[in-house]
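J.: Quick check, what structure comes out for this input:
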Amino acid sequence: MMRIVDLGRTGIFVVMRGGVVTSLGGHSHWRSAEEVRRAAQTEDIAIGDFVVRTLP
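T.: Sure, this is the predicted structure:
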């Protein structure tokens with residue numbers, strides 16, 4: 001299962017699988033967790049419910 005990570009002050013969200021940043025639909029970063037969820041849904045990929053936030 002993939003995990004959404006909020007990169008703190010950068011305002012960027014990424015997806016990680018097994019500790020590695022992963023791309024969805026040719027993108028490796030997004031502006032919101034909702035955009036990540038839509039990208040995962042489009043590719044029919046399971047994604048975690050919780051967002052991991054890095055410390056600023």
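J.: Run through the strands of this protein in chain order.
T.: Counting by DSSP state E, the chain has strands at residues 2-6, 13-17, 20-22, 47-53.
J.: In TSV: those, plus mean neighbour count and distance to residue 28.
T.: For glycine as for every other residue, the C-beta is placed from the backbone atoms N, C-alpha and C. Output for the strands of the chain, formatted as TSV (neighbours: other Cβ atoms under 10 Å; distance: least, Cβ to Cβ, whole Å):
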stretch	mean neighbour count	distance to residue 28
strand 2-6	18	12
strand 13-17	19	6
strand 20-22	10	6
strand 47-53	12	15
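J.: Just put these in CSV and tack on mean pLDDT and distance to residue 39.
T.: Shown next, in CSV, are those (pLDDT from 0 to 100; distance: least, Cβ to Cβ, whole Å):
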stretch, mean pLDDT, distance to residue 39
strand 2-6, 97, 10
strand 13-17, 97, 8
strand 20-22, 96, 11
strand 47-53, 95, 9
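J.: can you tell me how far residue 49 sits from residue 3?
T.: 10 Å (Cβ to Cβ, to the nearest Å).
J.: ditto for residue 26
T.: Distance, residue 26 to residue 3, by Cβ to Cβ: 20 Å.
J.: quick one: contacts for residue 43?
T.: Shown in contact with residue 43 (Cβ atoms under 8 Å, 6 or more residues apart in numbering): 24, 25.
J.: Quick check: phi and psi on it?
T.: With angles defined as degrees, to the nearest 10, residue 43 sits at phi -90, psi 10.
J.: so can I have a markdown table of the strands of the chain showing distance to residue 33?
T.: Shown next, in a markdown table, are these (distance: least, Cβ to Cβ, whole Å):
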| stretch | distance to residue 33 |
| --- | --- |
| strand 2-6 | 5 |
| strand 13-17 | 6 |
| strand 20-22 | 15 |
| strand 47-53 | 5 |
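J.: So which of those is nearest residue 38?
T.: Among the strands of the chain, the nearest to residue 38 by Cβ to Cβ is strand 47-53 (10.3 Å).
J.: list the helices and strands the closest one packs on?
T.: Other elements packing on strand 47-53 under the criterion 3 or more Cβ pairs under 8 Å, 6 or more residues apart in numbering; DSSP states H and E are strand 2-6, helix 33-42.
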